[in-house]
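1. This is the structure alone, sequence omitted:
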């Protein structure tokens, strides 16, 4: 089912582009077929033997793609798929082909249906959270469908922030209970005997879990986001806020019911929150003139009702709560669809304007009246059957549950009143308003809501079998009081009297609508409160104030810690590091017991050299001197690696230092020669103090980290496996391109991003410029930046790029291809000679490092650096035209090609039945050379080689050639 929803969601935009709004019909097949398959299952069998599917996902953490279909998930999945299919059918006639973003909407709505199904089927805590947040993200996209409307964007953001915050709290709570249960399976956690012991720890965890449920189901104080979400298209309201997303919180409460029975205090608090939500939602619904907004607040009220009943967590309460959950789905979804028809056909949702809809649209009116009557619990509809069962369960449970019953009766009175307000406002006569025109309403417009509304009648006739089906889930819960039954004709008693009282007082409230409206207006905080008092009573205003306060705090924090000063930013980070480490360091011994001062006599020379170079760099006022002193520290570290027996790391360190020195020297051309002076000596002492303290912290942390080993080192065990599995003797290289290939893949990805970022800072107008070759220059080209007052022979001032047969040999008067494009005062003949000799040798050496790295020191990274340094040598000796002659390709092409080859190395084994990045070492007999081994990891190493080469080429083009051009332009301007 999940895979089918995923495929349908991905294909939804293409279908809409192909057949327009009719694409919703084939999309509805997926949830429809899922609902039909679920309907063939017996929930009683699922309760005794749930269907379980599990695939390892992250075995190291015990996380599996675990799904469990039992009686409870069967009910929720059937609602999500069944009503989801009907809503998709409804969309086919609700929207027009010209609807903006219809393809995206179709894909997201189908994906949301799949995410909701995944949520109720998931059993692993991490999988539950994943689907939980997927529903949040998809609802954000659906609510914000009308991107050009501020109300839609604001409502989507409110829903996203509220439900995401609750989801994070839920995740923490679930992980808290997963630890003592020893499992991430929710079914195991709920059944664990730890709940019988109770305690503050479990209470805290349960509260965090229920915070997620309350935010998802829009309970007080996060109830404000759901009415705001009515800015979404009506199909979104009919599905997400009636049958799917808002049910997720109720589902979680029902799922945690076996644990809630042992935490009565938490159960009472949650029931109280639900009751308050029911009253608040009903009260606000009575004030609405937009019939869609009226239903939205009615949904808030009904969700509070469901949460209050589910919080009781007894056998009977869960039974009647499930019954009411089904009732809410089958009457609220058609009500929203009816509102959508009214809005589309009559052009308004204002009950003060709608007049005579009953005559103009009789079938739609019947659907709306039946659904509203079920919402008001009018007998013999199914809404009455479910609500009567709730009254019975709470009354016979006794204790605090009878107090809860009184609150729910009060909320149900409001339900009757706003149900009548909806019916009268949508279908009755509006005083002073003209009668609406009779529109043409097609069968496919009203058929989807009719298919759902009919269940409000059918389910009341099938109350007995339905009760037997729902009891399959409640069998494991404790039984209290008398057994409660779903019955169309209830027994005489207090619950039936309460139902009659609810209907009677609700009707009375309808008759006294005007006095009640006057009372509401007088009691409304908007009448007598202002400022902070009003925000305290208005959840949405308070939420916006919280967001404004957060924004203001972030501005203060940003201006305090991010001043645009690199020393200040680094200093802040270092001070935080020191502050975090010092309290821990004070609990440790001064030095580890097994400390060895030095391993080799050369360390006594290299360490002082590195230290003195670092001190000199810190004290230097000239930037170039500081760069060279930093390079000395890098080379010293490379020698330390070499002394320690790590030639691979030493080579890489030396090459990286060389490359960085070249890059820094190129950058220095655009910076002042000297560092700026600091007027206050106290500032200098402070920086010295932070630097020294950071060095002590880092060195000390390294010492203690080395002393903290409690397992055998992995290195010795890799030596044999590097050859038998990876096909190489160089353990370091085999580890990088084989055993830990995903790490290296991430690193070359970072290199690509860095190169792109650096180049983007330099290339202001275009990322890839045409490469200027020598042959593209004019036949007589002025030497780059020749001084005007220079007196030189004419043949030294012009460079002839024509072929030899035309130029007569004048072309080859230089050691490098583009040597004469430099002004004479910029040329160094000895450097050109060295470059002419060294470049081919360096390129050959880079290829050697690439090919031999699997068995001897080297590899693609080192080889790429050597090749990049060879290009740097050509650039430094001959200028930017020489760089183009050496590498007449775009850096982006080299980078992309290298990344493509690296990805190909991972995918290629799949074509031969292997796994991603699987290893193979074919052996080839070559004449004269003998037996040669070609490990498959060499392909990946070639990708690494090209990525590193592309990065160096990008640096030379951006920090070298591009800055050259900028300086030329500045000189011309002067």
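-> Thanks, I have the structure now. What you see is a predicted model, and the numbers here were worked out from it, not measured in a lab.
2. Where do the helices of the stretch 751-900 of the chain begin and end?
-> Remark: helices assigned in the stretch 751-900 of the chain by DSSP state H, counting those that start in this stretch are 794-797, 804-807, 829-852, 860-878, 880-886, 891-907.
3. closest one to residue 168 among those?
-> Among these, helix 891-907 comes nearest to residue 168, with 33.5 Å by Cβ to Cβ. To be clear about C-beta, it is placed using only N, CA and C from the backbone, and glycine gets the same treatment.
4. Quick check: buried residues in the closest one?
-> Neighbour-count burial for helix 891-907, counted by 16 or more other Cβ atoms under 10 Å, picks out 891, 892, 894, 895, 897, 898, 899, 901, 902, 905, 906.
5. Repeat that for stretch 23-35.
-> 23, 24, 27, 28, 30, 31, 32, 34, 35.
6. Run through the stretch 651-800 of the chain and note the low-pLDDT ranges.
-> For the stretch 651-800 of the chain, the stretches with pLDDT under 70 are 678-682, 762-770, 772-800.
7. With the chain instead?
-> Residue ranges of the chain with pLDDT under 70: 476, 478-482, 529, 531-536, 678-682, 762-770, 772-814, 820, 825, 968-974.
8. Please report how far residue 286 lies from residue 522.
-> According to Cβ to Cβ, to the nearest Å, residue 286 and residue 522 sit 14 Å apart.
9. Which residue of those two possesses the greater neighbour count?
-> Set residue 286 next to residue 522 and count neighbours by other Cβ atoms under 10 Å: residue 286 wins out with 19 against 9.
10. mind checking how far the more buried one is from residue 409?
-> Residue 286 sits at a distance of 17 Å from residue 409 (criterion: Cβ to Cβ).
11. rewinding a little: can I get the helices of the stretch 751-900 of the chain in a markdown table including distance to residue 148?
-> Listed next are the helices of the stretch 751-900 of the chain as a markdown table, based on distance: least, Cβ to Cβ, whole Å:
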| stretch | distance to residue 148 |
| --- | --- |
| helix 794-797 | 62 |
| helix 804-807 | 63 |
| helix 829-852 | 54 |
| helix 860-878 | 48 |
| helix 880-886 | 47 |
| helix 891-907 | 35 |
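12. and of these, who's closest to residue 103?
-> Evaluated over those, closeness to residue 103 peaks at helix 891-907, with 28.8 Å, by Cβ to Cβ.
13. Check which helices and strands the next helix or strand after that closest one sits against.
-> Counting by DSSP states H and E, the next helix or strand C-terminal to helix 891-907 is strand 923-926. Contact here means 3 or more Cβ pairs under 8 Å, 6 or more residues apart in numbering; DSSP states H and E; on that basis strand 923-926 packs against strand 930-933.
14. Quick one: list the elements packing against whatever helix or strand comes next after the strand it packs on.
-> Of the helices and strands lying after strand 930-933 in sequence (DSSP H and E), the nearest is helix 937-955. If contacts are counted by 3+ Cβ pairs under 8 Å, 6+ apart, helix 937-955 sits against helix 647-668, helix 741-762, helix 829-852, helix 860-878, helix 891-907.
15. Could you check how far the shortest one is from the centre of its chain?
-> Here the centre of helix 891-907 is set off from its chain's centre by 26 Å, with Cα atoms, centre = their mean, to the nearest Å.
16. Please shift the residue numbers so they start at 484 in all later answers.
-> Okay, residue one is now 484; in that scheme the one you just asked about reads as helix 1374-1390.
17. Counting neighbours, what do you get for residue 1076?
-> 6.
18. quick one: contacts for it?
-> For residue 1076, the contact set (Cβ atoms under 8 Å, 6 or more residues apart in numbering) comprises residue 1190.
19. and if you look at residue 812?
-> By Cβ under 8 Å, 6+ apart, the neighbours of residue 812 are 562, 566, 725, 726, 730.
20. rewinding a little: out of the buried residues of stretch 506-518, which sit inside helices?
-> Of the buried residues of stretch 506-518, the ones assigned to helices by DSSP state H are 507, 510, 511, 513, 514, 515, 517, 518.
21. Residue 520: what secondary structure?
-> When classified by DSSP: H, G, I helix; E, B strand; the rest coil, residue 520 comes out as helix.
22. coming back round to it: can you redo the contacts of residue 812 as JSON lines, where the extra columns are neighbour count and secondary structure?
-> Shown next, in JSON lines, are the contacts of residue 812 (neighbours: other Cβ atoms under 10 Å; DSSP: H, G, I helix; E, B strand; the rest coil):
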{"residue": "562", "neighbour count": "25", "secondary structure": "helix"}
{"residue": "566", "neighbour count": "28", "secondary structure": "helix"}
{"residue": "725", "neighbour count": "29", "secondary structure": "coil"}
{"residue": "726", "neighbour count": "29", "secondary structure": "coil"}
{"residue": "730", "neighbour count": "26", "secondary structure": "helix"}
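23. Could you single out the nearest of these to residue 1213?
-> Minimum distance to residue 1213 across those is 58.0 Å, recorded for residue 730 (Cβ to Cβ).
24. so where do the strands sit in the stretch 534-683 of the chain?
-> With strands called from DSSP state E, counting those that start in this stretch, the stretch 534-683 of the chain shows them at 534-541, 546-552.
25. so who does the residue lying closest to residue 877 once chain neighbours are set aside touch?
-> Leaving out its chain neighbours, the residue that sits closest to residue 877 by Cβ to Cβ, 6 or more residues apart in numbering is residue 888, at 4.0 Å. Contacts for residue 888 (Cβ under 8 Å, 6+ apart) come out as 874, 877, 878, 981.
26. do the same with residue 1052
-> Going by Cβ under 8 Å, 6+ apart, residue 1052 touches 1044, 1045, 1046.
27. how about JSON lines for these, with distance to residue 1217 added?
-> Shown next, in JSON lines, are the contacts of residue 1052 (distance: Cβ to Cβ, whole Å):
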{"residue": "1044", "distance to residue 1217": "43"}
{"residue": "1045", "distance to residue 1217": "43"}
{"residue": "1046", "distance to residue 1217": "46"}
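28. Residue 1314 and residue 1357 touch, don't they?
-> No. Using Cβ atoms under 8 Å, residue 1314 makes no contact with residue 1357, being 10.4 Å away.
29. Same drill for these two, tell me which one is more crowded.
-> Between residue 1314 and residue 1357, counting by other Cβ under 10 Å, residue 1357 is the more crowded of the two (26 against 16).
30. any idea how far that one lies from residue 1004?
-> For residue 1357, the distance to residue 1004 - Cβ to Cβ - is 83 Å.
31. Residue 753 too?
-> Distance of residue 753 to residue 1004, computed by Cβ to Cβ: 32 Å.
32. now residue 1393: how far from residue 1004?
-> According to Cβ to Cβ, residue 1393 stands 69 Å off from residue 1004.
33. again, but for residue 1200
-> Distance from residue 1200 to residue 1004, by Cβ to Cβ: 79 Å.
34. Confirm for me that residue 922 is in contact with residue 840.
-> No. Between residue 922 and residue 840 there is no contact, the gap being 9.9 Å when judged by Cβ under 8 Å.
35. Can you pull the residues that touch both of these two?
-> Counting by Cβ under 8 Å, 6+ apart, the common neighbours of residue 922 and residue 840 are residue 829.
36. Okay, and the residue nearest to residue 877 sits in which element?
-> Mapping residue 888 onto the secondary structure by DSSP H and E places it in helix 883-910.
37. The helix or strand following that helix vs helix 507-522, what angle?
-> Per DSSP H and E, the first helix or strand lying C-terminal to helix 883-910 is helix 926-936. Per axes from the mean of the first three to the mean of the last three Cα atoms, to 10 degrees, the angle that helix 926-936 makes with helix 507-522 is 20 degrees.
38. Which helix or strand lies directly C-terminal to helix 926-936?
-> Following helix 926-936 in sequence, per DSSP H and E, is helix 938-944.
39. gap between that following helix and the chain center?
-> With Cα atoms, centre = their mean as the basis, helix 938-944 stands 41 Å off its chain's centre.
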